[in-house]
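*Asks:* Here is my input, please return the structure:
(chains A and B)
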Amino acid sequence: MRQSQLFTKTRREAPKDEVAKNAQLLIRAGYIHKEMAGVYSYLPLGLRVLNKIADIVREEMNMIGGQEVLMSALQDPNVWKITGRWDDKVVDNWFKTKLKDGGEVGLGHSQEEDLVRIMTMHASSHRDFPKAIYQIQNKFRNELRAKSGLLRGREFIMKDLYFFARSESELADFHERAIEAYLKIFERVGIGPRTFRTFASGGSFSKFSDEFQMLCEAGEDTLYLNREKKLAVNKEVYNDEVLEELGLDKSELSEEKGIEVGNIFKLGTRFSEPLGLRFKDEQGKEQPVLMGCYGIGLGRLMGAIVEALGDEKGIVWPETVAPFRAHLIDLSGGNAEVKKEADELYRELTEGGFEVLYDDRDLRAGEKFGDCDLIGIPLRVVVSEKTLTAGKFECVERKSGKTSHLSTSEMLNTLSHA
RNA sequence: CGGGCCGUAGUGUAACGGUAGCACGUGUCCUUUGGGAGGAUUUAGUCCCGGUUCAAAUCCGGGCGGCCCGACCA
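*Replies:* Model (predicted):
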């Protein structure tokens, strides 16, 4: 994409009321726009990143048998009244609104009840289970205090998967596979080394839930980490009894701050039972369906990546989620021959199947480099009189600053092998 | 929800109760062109409602909005 055509602009300063690093950098670079507290729109660059993250999540969910759906965001109170969760005292952060005829609807904050009802229409035999169903959708939660940019919003994009099992062992088996899939997702989006499975409160459903905490000073959770075992315990359940149960030794734990980038629960029959989701086993006997739910906040994940990897100059995207593979910078400064060379390289890289942001704007080098660092695309490619003379283009890695000089074919080769 | 801070051009930041100024950005022109260059010129603002006062960005009340700490976060 030609940067001269990109409708968003970068800015030197962040809005003064944005304190979180993720929001400051993402707004300055033009990835997102804040609509109101805790509510952000995704602009072209931001949407590209979000979609890349979503694709990775999709692939891993499909790999463990997930089937993607898209449920309505407007929710029917009736099904929630059956489980008792429509009550404001039970779920206190639910946006609810009224229909013209006086009836009420909810705005989706989670979808267990909705999906369970759908399942009752389609599954009733042991042959119909297990099933894993997920969606990627905007969620709404009326947080008393939205904060930290994309990390805690009132509207956010979430992948929520629900698993329906015939037995505890089937649920436990899937649970472990989901944990593996989650770790793979975090690895693929570039935060693997600093993200750990963490035992946390299971809420009203079970003793523990599994969180995935990315170590980061900006995080709102405190955890106790055993790096060797790659396991952590959230402060909310941290005590001697729990440590013993998990086989963790206090002396081997370090206190850390973390951002919760994923959270998974075993729900048992909490929702399936009241809503009548059962199956007939081989003997024709009705059995309850067991459930688990598996969430990842995609926007929060995007913000977490920025928090973790960004530096003083701007964002540093891993290749897997970067909006473009390369940022081509034309420093022709009026030299038509250089300009032609840059155009040609842009064409060749694009035709080679690589997404390139081409800074073809008529600006000085400093401004272009500044924007380039801020936007954080993994590879910077410069075309100038210097490179024209040398016969090779200058390539600089955003992350390491490592510089190399490559011909077009060498570049295509490098990009396709990275 | 408790506590604190705050609201001035698109962005950032000044102004004792007394002329709303500066920088960046935007538009135009000239010079410049490998780390945000220089000059000329242009554009645009006191969140809303009410009160005090000769006079309010400034003081008071209310509203709306934002940020931070805490609580909360199936």
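*Asks:* Where does the residue in chain A that RNA strand B sits nearest to sit, in terms of helix or strand?
*Replies:* Nearest to RNA strand B, among the residues of chain A, is A:Gly366, at 2.1 Å (Cβ to the nearest atom of the strand). Just so you know, the C-beta spots here come from the backbone N, C-alpha and C atoms, and that holds for glycine as well. For A:Gly366, the host element (DSSP states H and E) is helix A:365-375.
*Asks:* Tell me who's in contact with A:Thr403.
*Replies:* When contacts are counted by Cβ atoms under 8 Å, 6 or more residues apart in numbering, A:Thr403 touches A:Glu394, A:Cys395, A:Val396, A:Glu397.
*Asks:* Of those residues, keep whichever come out buried.
*Replies:* A:Glu394, A:Cys395, A:Val396 (16 or more other Cβ atoms under 10 Å).
*Asks:* I'd like to know which of those residues are part of strands.
*Replies:* Among these, the ones falling in strands (DSSP state E) are A:Glu394, A:Cys395, A:Val396.
*Asks:* of those, list those near RNA strand B.
*Replies:* When contact is defined as Cβ under 7 Å from any atom of the strand, those meet RNA strand B at A:Glu394, A:Val396.
*Asks:* Would you mind giving the ones in strands among the buried ones among the contacts of A:Thr403 as CSV with pLDDT added?
*Replies:* Below are these laid out as CSV (pLDDT from 0 to 100):
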residue, pLDDT
A:Glu394, 97
A:Cys395, 98
A:Val396, 98
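*Asks:* quick one: which of the ones in strands among the buried ones among the contacts of A:Thr403 is nearest A:Arg141?
*Replies:* A:Val396 (41.4 Å; Cβ to Cβ).
*Asks:* Looks like A:Phe212 contacts A:Phe186 (just checking).
*Replies:* Yes: between A:Phe212 and A:Phe186 there is a contact under Cβ atoms under 8 Å: 6.3 Å.
*Asks:* what about A:Ile64, how many neighbours?
*Replies:* Applying other Cβ atoms under 10 Å, we find 18 residues neighbouring A:Ile64.
*Asks:* what about A:Glu245, how many neighbours?
*Replies:* That count, for A:Glu245 with other Cβ under 10 Å as the rule, works out to 13.
*Asks:* tell me the secondary structure for it?
*Replies:* Secondary structure, DSSP: H, G, I helix; E, B strand; the rest coil: A:Glu245 is helix.
*Asks:* same deal with A:Glu180?
*Replies:* Per three-state DSSP, A:Glu180 ends up helix.
*Asks:* could you check the distance from it over to A:Leu275?
*Replies:* 30 Å (Cβ to Cβ, to the nearest Å).
*Asks:* more neighbours, these two?
*Replies:* A:Leu275 (22 against 13).
*Asks:* Secondary structure class of that one, three-state.
*Replies:* coil.
*Asks:* My read is that it contacts A:Thr83, right?
*Replies:* Yes: look at A:Leu275 against A:Thr83 with Cβ under 8 Å: they come within range, at 6.8 Å.
*Asks:* Show me where chain A has its helices.
*Replies:* Counting by DSSP state H, chain A has helices at residues A:21-28, A:44-63, A:77-83, A:112-122, A:168-188, A:240-246, A:298-309, A:336-351, A:365-375, A:385-390, A:408-417.
*Asks:* Buried residues, the third one. List them.
*Replies:* Just to be clear, that refers to helix A:77-83. Residues of helix A:77-83 classed as buried under the neighbour-count rule (16+ other Cβ under 10 Å) are A:Val79, A:Trp80, A:Ile82, A:Thr83.
*Asks:* Please give me every residue in contact with the residue lying closest to A:Asn263 once chain neighbours are set aside.
*Replies:* In space, and not counting its chain neighbours, A:Asn263 is closest to A:Glu211: 4.9 Å by Cβ to Cβ, 6 or more residues apart in numbering. Residues near A:Glu211 by Cβ under 8 Å, 6+ apart: A:Arg197, A:Thr198, A:Phe199, A:Ala200, A:Asp221, A:Asn234, A:Glu260, A:Gly262, A:Asn263, A:Ile264.
*Asks:* rerun that using 10 Å as the cut-off
*Replies:* With contacts defined as Cβ atoms under 10 Å, 6 or more residues apart in numbering, A:Glu211 is in contact with A:182, A:196-201, A:221, A:223, A:232-234, A:236, A:258, A:260-265.
*Asks:* RNA strand B next: which of the residues you listed are close?
*Replies:* On the criterion Cβ under 7 Å from any atom of the strand, A:Asp221, A:Asn263, A:Phe265 are the entries of the contacts of A:Glu211 that sit beside RNA strand B.
*Asks:* Closest one of the residues you listed to A:Arg48?
*Replies:* Nearest to A:Arg48 among those, counting by Cβ to Cβ, is A:Asn263 at 26.0 Å.
*Asks:* so that closest one touches A:Ala200, yeah?
*Replies:* Yes: the criterion here is Cβ atoms under 10 Å, and A:Asn263 meets it with A:Ala200 at 7.3 Å.
*Asks:* Which residues of the stretch 151-300 of chain A lie near RNA strand B?
*Replies:* Counting by Cβ under 7 Å from any atom of the strand, the stretch 151-300 of chain A comes close to RNA strand B at A:Arg152, A:Asp160, A:Gly203, A:Ser204, A:Phe205, A:Glu220, A:Asp221, A:Asn263, A:Phe265, A:Leu267, A:Cys293, A:Gly295.
*Asks:* ok, which pair from the residues you listed is furthest apart?
*Replies:* Farthest pair in these, by Cβ to Cβ: A:Glu220 and A:Leu267, 24.2 Å.
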